[in-house]
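Asks: pasting a predicted model and its sequence here:
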Protein chains: 2
Amino acid sequence: MSKKITIKEVAHKVGLSITAVSQILNGKGARFSEGNIKKVFAARDELHYVPSLAARNLSNKTDVTIGVLVPAISNPFFSEFLQSIENYSDPKTHVMMIGLDGDRGQLYSAIEGLLSQGIDGLIVAVAVDGYPEVNALLKENLIPYIVLDQNNTKDSDFIAADDFHGGQLAAQYLCSLGHEKISIVAANSEATTYNLTVRLNGFLETCRDSGIKKENIQIIKTQFTKHGGQKTAAAIIAFRPTAIFTLSDELAIGVLGGLNDYGFKVPDDFSLIGYDDTDYAEFMNPKLTTIRQPIPLLAKYALEMLKNRMINPKIKEQIRTVDVELIIRDSCKKR
Amino acid sequence: MSKKITIKEVAHKVGLSITAVSQILNGKGARFSEGNIKKVFAARDELHYVPSLAARNLSNKTDVTIGVLVPAISNPFFSEFLQSIENYSDPKTHVMMIGLDGDRGQLYSAIEGLLSQGIDGLIVAVAVDGYPEVNALLKENLIPYIVLDQNNTKDSDFIAADDFHGGQLAAQYLCSLGHEKISIVAANSEATTYNLTVRLNGFLETCRDSGIKKENIQIIKTQFTKHGGQKTAAAIIAFRPTAIFTLSDELAIGVLGGLNDYGFKVPDDFSLIGYDDTDYAEFMNPKLTTIRQPIPLLAKYALEMLKNRMINPKIKEQIRTVDVELIIRDSCKKR
C-alpha cells in the first residue's frame, strides 16, 4: 500500500511551513518570493501531491467554509442572525457573509463570487424566487445549500419561522383590544419576499374572520427600513386607524419616529405592533409590542441542516418550521 | 517564448468547466466524482499548470478576498461598517466577515482561520493590543492588514476617527449648556479599547479645563451593549448628575431605557449625549444628540489603504484619521 502524499511532505521538501505551502498551492501566495513559489509547485508535481478531498469531507478535522447571503447586514434581524450563525459555528467552520444592501441585482454575482471562493455550503436568506438563473447556478454547482424564509417549491432544504401564525397572532391581539380600523405597513415590491406575503396573509385572513371590513384596512408599501416606515406616517394619520401593524420592528421604529414628528403618541393616539423582536424593541419608548422570531434557533437549525446535507448530499429534502410568539409590551392599548 | 498554461487549458483537456476545475484544484471539489477529480489532477501535472499569482496580484481581473474582523456584528457601528465595506467593494472583491461577539479569546483562532482560508488582506477592527501572539501571527504570515481605531505603535497601517476631538466636542457642548456634574458611561475592562480610552480622555481633559471638579465626575464601567447601559441607571440616579455622556449610542439607548424604567425623563431630568450616530440615534424618543463617526468614510479609506498595501507591500506605513462631528438633536438642554 503506497503511502498517501500529504501537504506535510511537500512542506518538508521545500522547507516552508504547511500554511505557506497551502497558500501558495491555492493561488494565494503572491507575497512569497518567486523562488519559493516555483519550488513549491515543482515539489507538488514531483511528489504528485493531491489535496485530500475525502479526508476533508468525511472528518471534521479540516476547515469548512460556509457562505451566508443576507439582504442587508445592517438590518438587525440579519445582523443578529449572522452573529448567531457565528456563535453556533465550531472553530473549524468559517463563515463568509455577504450583505446585498437591498440590491437583489447583485444576487447572481454574489453567489458566483462565493462559489469561486470555494465555499463548502451556503445559507441563502435572500429571496431567490423569480431568479431562475440563480437557482440554476446553485443546482449546477452541486453546492449544498439551504434557504431561509422562502417559497418552498424549489426542492431545496428549507427553514422558516411560521409567518402565517405570526400574522394571525398580531391580528388576534389587535382585535382582542377592540381595534376595527387598522393600517398595515408592508414592504414595497423591491423588498418583499414570499415569507412577508405569508405574514401579511395571516394577518389579513384573521382580520376578515374577525369581521373587520375591507375598507377599514389600509396597506401601505414602502422601503423595508426605518426611514421607509417613517415616511408612511402622513398616510397613516390621514387614514385615521386606531391601530398599526408593521411587518418588521425596523418599520415600527420608523413609524414611531414619524408619528412623534407629527406630535402623535403611541399608544394613546395609535396602537402599534411590530414583528421580529430584534433587541431594539424593548428599548423603544414606548416599549414595542411585537411578534418574536427565534433568531438564534433559526441560525442553529440552518447550520445543523446544512451540515447534514454536506455530510450526506443524498438525504431527502429537509424542511423545518419554528414557531413565533406574541410579546406584549407597552405600544398597544384597548381601543 | 512558451505560452503560459492557464486553467482554461486544464478545463479544456478534461472537459469540465473552469469553475469546476478551480474548485477541484483548490481542494473544494469533494462533490465531484472521483474520476473527474483524478482526471483534473492528472491534467494539471501533465500540463504543469501553475496558478497565475502575478496576474492575480497585479491586475484587478481576478478575485480577491478580504477578511474583516469586528468585535460584534450586531453592534450597529460594526454592522454599518461591514455593510459599507461591502458597498465600496468592487464585484471581484469578496469580503469574509467574522464577529467575535465580544469574546476576544477567539481572536487568534479567528485570524488563523481567515489565513487558512487564503485571504489576501485583512481589516482588524478588534483591539490586538495586549495580544502579542496575534501580532506575531499577522507579521509572520506577511499578510497585508490594516487596523481600525487602535493603538498606533505596532508599525501597521492604521485608520481611526479622531476620538480625542470627539470627547472634547461632547464635553464642550455639555459645558456650554451649563452642566457641572456629569456621569460618564464607559466600557468595562473586557470591552474597552485604546480608542475608547482616548475618547474618554478627550472628554475628561475638557471638563477639567472648563473647571469641573473631579468629585463632580462619575465614571461607570459596564458591558458595551444596550443592556450594559440600562444597568447603570440606578448608579446614575444615585449620583444625581445633570448630564450624562455615554461612549456609544448603544450605551445611550440602554441608559435612556433604564432611566425611563425609573420614571425619569431625558432631557428634563438628565441631559444625555451619545457617540457614533448610528442610524438609531434619530429614531430614539427624544432624538439622540451624539457625536457622528463617518462610518462609510472609515470603510472606504480602510479598503483603499488595504488595496494600496496589497498592490505594493513595500510602501511606508499609512496613517489616516477622519474627523467627527457634533450632531445636536433633542436629548440635551440647558441646566
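Replies: Ah, there it is.

Asks: please report phi then psi for the nearest residue to A:R320 once chain neighbours are set aside.
Replies: Distances taken as C-beta to C-beta, 6 or more residues apart in numbering or on different chains place A:I159 nearest to A:R320, at 4.8 Å, with adjacent residues excluded. (Glycine included, C-beta is placed from N, CA and C.) With angles defined as degrees, to the nearest 10, A:I159 sits at phi -130, psi 140.

Asks: now do the contacts for A:I159.
Replies: By C-beta atoms under 8 Å, 6 or more residues apart in numbering or on different chains, A:I159 lies in contact with A:I146, A:V147, A:L148, A:D149, A:L298, A:Y301, A:A302, A:M305, A:I319, A:R320, A:T321, A:V322.

Asks: worst-scoring helix or strand of chain A, pLDDT-wise?
Replies: Lowest on mean pLDDT, DSSP states H and E among the helices and strands of chain A sits helix A:53-58, with a mean of 37.

Asks: I figured A:R199 hits A:F164, correct?
Replies: Yes - using C-beta atoms under 8 Å as the test, A:R199 is close enough to A:F164 to be in contact (7.2 Å).

Asks: those two: which is more packed in?
Replies: Neighbours were counted for A:R199 and for A:F164 using other C-beta atoms under 10 Å in any protein chain shown; A:R199 has more, 29 against 20.

Asks: hang on, the earlier thing: with the contacts of A:I159 in mind, which one is nearest to chain B?
Replies: Chain B has its nearest neighbour among the contacts of A:I159 in A:L298, at 14.4 Å by C-beta to the nearest C-beta.

Asks: report pLDDT for that closest one.
Replies: What the model reports as pLDDT for A:L298 is 95.

Asks: where in chain A is pLDDT low?
Replies: Filtered on pLDDT under 70, chain A yields the residue ranges A:1-5, A:27-28, A:50-62, A:102, A:116-117, A:151-155.

Asks: repeat that for 50
Replies: By pLDDT under 50, the low-scoring segments of chain A are A:1-2, A:52-61.

Asks: ok, what's across the strand from the residue nearest to A:R320?
Replies: Counting by DSSP bridges, A:I159 forms beta bridges with A:L148, A:R320.

Asks: how about stretch A:75-88: buried residues?
Replies: Buried positions in stretch A:75-88, judged by neighbour count with 16 or more other C-beta atoms under 10 Å in any protein chain shown: A:75-86, A:88.

Asks: which ones among the residues you listed come in contact with chain B?
Replies: A:P76, A:S79, A:E80, A:L82, A:Q83, A:E86 (C-beta under 8 Å from any C-beta of the partner chain).

Asks: other SSEs contacting the host helix or strand of A:M97?
Replies: Using DSSP states H and E, A:M97 sits in strand A:93-99. Counting contacts by 3 or more C-beta pairs under 8 Å, 6 or more residues apart in numbering or on different chains; DSSP states H and E, strand A:93-99 packs against strand A:64-70, helix A:76-88, helix A:107-116, helix B:76-88, strand B:93-99.

Asks: and the second one, how far from the chain's centre?
Replies: With C-alpha atoms, centre = their mean, to the nearest Å as the basis, helix A:76-88 stands 9 Å off its chain's centre.

Asks: now swap in stretch A:166-180 and tell me
Replies: For stretch A:166-180 - counting by C-alpha atoms, centre = their mean - the centre lies 27 Å from the chain centre.

Asks: any idea how chain A splits into domains?
Replies: Annotated domains of chain A cover A:7-51, A:63-160+A:296-322, A:163-293 [automatic domain parsing].

Asks: any idea which of these is most buried?
Replies: Stretch with highest mean neighbour count among the domains of chain A: domain A:163-293 (a mean of 21; mean count of other C-beta atoms under 10 Å in any protein chain shown).

Asks: ranges for the helices of chain A?
Replies: Ranges of helices in chain A, per DSSP state H, are A:7-14, A:18-25, A:34-47, A:53-58, A:76-88, A:107-116, A:132-140, A:163-176, A:194-209, A:226-230, A:233-239, A:249-261, A:295-311.

Asks: contacting residues around the residue nearest the centre of chain A?
Replies: Ranked by distance to the mean C-alpha position of chain A (C-alpha atoms, centre = their mean), the top residue is A:A125 at 3.6 Å. For A:A125, the contact set (C-beta under 8 Å, 6+ apart) comprises A:V68, A:L69, A:V70, A:P71, A:F78, A:F81, A:V147, A:L148, A:D149.

Asks: got the contact list for the last one?
Replies: Contact criterion C-beta under 8 Å, 6+ apart gives A:A125, A:I159, A:A160, A:A161, A:D163, A:T193, A:Y194, A:N195 as the residues in contact with A:D149.

Asks: and the stretch 151-300 of chain A, which of its residues are near chain B?
Replies: Residues of the stretch 151-300 of chain A lying close to chain B (C-beta under 8 Å from any C-beta) are A:226, A:230, A:253-254, A:256-257, A:260, A:279-280, A:282-285.

Asks: give me that answer again for 7 Å
Replies: Residues of the stretch 151-300 of chain A lying near chain B by C-beta under 7 Å from any C-beta of the partner chain: A:K226, A:I253, A:G254, A:G257, A:N260, A:D279, A:Y280, A:F283, A:N285.

Asks: let me have those residues in a markdown table, extended by distance to B:T6.
Replies: Converted to a markdown table, those look like this (distance: C-beta to C-beta, whole Å):
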| residue | distance to B:T6 |
| --- | --- |
| A:K226 | 48 |
| A:I253 | 52 |
| A:G254 | 51 |
| A:G257 | 55 |
| A:N260 | 61 |
| A:D279 | 50 |
| A:Y280 | 51 |
| A:F283 | 55 |
| A:N285 | 61 |
